[in-house]
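>>> Got a sequence here, can you model it:
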Amino acid sequence: MQGMELQAGAKLLLLLLLLWVIYCGHAQIIRKIARYASIVEVTNGGTWGDWAWPEMCPDGYFASGFSIKVEPPQGIPGDDTALNGIRLHCTRGNAEQNTHVVESQSGSWGSWSEPLWCPGSHYLMAFSLRVEPFSFPGDNTAVNNVRFRCSDGVELEGPGLNWGDYGDWSNSCAKGVCGLQTKIQKPRGLRDDTALNDVRVFCCNS
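Sure thing, here's the model as predicted:
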């Protein structure tokens, strides 16, 4: 039942995106979104922040690797945010040639890791988030790490932090990942920051 609800929600999101694009008159983006077959999500994302606009691989490209933006532990009395962003590294099947990097909105803290790649010409297919549950009082961090599963079954885990637990894997793309959308909490000054809270992944068939 939960899987059916996620699938219905993904279809509704895709429809809303198309309507928004039509309203804005961005014909080029309409052509891009038309190639996306589905959207996959996880059930344990954080609750804070707003969804940014999706960023997609170029036509004919799929994500073969990813990198993450991580803020290291800040100690006491610092404010930890852990995972701040995710980049997809899109290729035509060769990680050393024709690479195109896409990034939805990211948080303000941390630095980018080196990319992790699927073996050979395989693509990213599914993902899972490591999320720290809400605590009060406490220093909340929301998403701490991400792992992706490749089309050959290899699992890649980012060099993120260890607070929280991994949730269930998302559904798998039929062919491969080709875009992402992030949910980011904006900086809150002296109040607790969490940065990245949730992720959606777009799937393409061509």
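>>> which stretch of helix or strand covers residue 13?
Applying DSSP states H and E as the criterion places residue 13 in helix 2-24.
>>> Just after the worst-scoring helix or strand of the chain on mean pLDDT, pick out the following helix or strand.
In the chain, the helix or strand scored least confidently by mean pLDDT, DSSP states H and E is helix 27-34, which has a mean of 55. Next in sequence after helix 27-34, counting helices and strands by DSSP H and E, comes strand 36-41.
>>> List the buried residues in that following strand.
By 16 or more other CB atoms under 10 Å, the buried positions in strand 36-41 come out as 36, 38-41. In short, each C-beta sits where N, CA and C put it, glycine included.
>>> If you count contacts, what does the following helix or strand past that strand end up packed against?
Per DSSP H and E, the first helix or strand lying C-terminal to strand 36-41 is strand 50-51. Under the contact criterion of 3 or more CB pairs under 8 Å, 6 or more residues apart in numbering; DSSP states H and E, strand 50-51 touches strand 176-184.
>>> which stretches of this protein have low pLDDT?
Residue ranges of the chain with pLDDT under 70: 1-11, 14, 17-35, 93-97.
>>> in stretch 115-122, what counts as buried?
Residues of stretch 115-122 classed as buried: 115-118, 122 (neighbour count, 16+ other CB under 10 Å).
>>> Can you tell me the SS state at residue 188?
Recorded secondary structure, residue 188: coil (DSSP: H, G, I helix; E, B strand; the rest coil).
>>> I'd like to know how many residues surround it.
Close neighbours of residue 188, defined as other CB atoms under 10 Å, add up to 11.
>>> which residues does residue 109 contact?
Residues in contact with residue 109 (CB atoms under 8 Å, 6 or more residues apart in numbering) are 71, 81, 84, 193, 195.
>>> Let me have the residues you listed in CSV, extended by distance to residue 178, secondary structure and neighbour count.
Converted to CSV, the contacts of residue 109 look like this (distance: CB to CB, whole Å; DSSP: H, G, I helix; E, B strand; the rest coil; neighbours: other CB atoms under 10 Å):
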residue, distance to residue 178, secondary structure, neighbour count
71, 28, coil, 22
81, 28, coil, 28
84, 23, strand, 25
193, 30, coil, 23
195, 24, coil, 29
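>>> Which single one of these is nearest to residue 174?
Using CB to CB, residue 84 is the member of these that lies nearest residue 174, at 30.0 Å.
>>> Excluding chain neighbours, what is closest to the closest one?
residue 107 (3.3 Å; CB to CB, 6 or more residues apart in numbering).
>>> Quick check, that neighbour in contact with residue 86.
No - Residue 107 lies out of contact with residue 86 (CB atoms under 8 Å); the separation is 10.6 Å.
>>> what touches both of those two?
Listed contacts common to residue 107 and residue 86 are 69, 196; contacts here mean CB under 8 Å, 6+ apart.
>>> Touching the host helix or strand of residue 101 from outside, list them.
Per DSSP H and E: residue 101 is located in strand 100-103. Identification of contacts with strand 100-103 by CB under 8 Å, 6+ apart yields 55-58, 61, 85-91, 179-180.
>>> Equivalent analysis for stretch 41-53, please.
Under CB under 8 Å, 6+ apart, the answer for stretch 41-53 is 2, 6, 9-10, 104-105, 127-129, 131, 134, 142-143, 167-170, 181-186, 194, 196-201.
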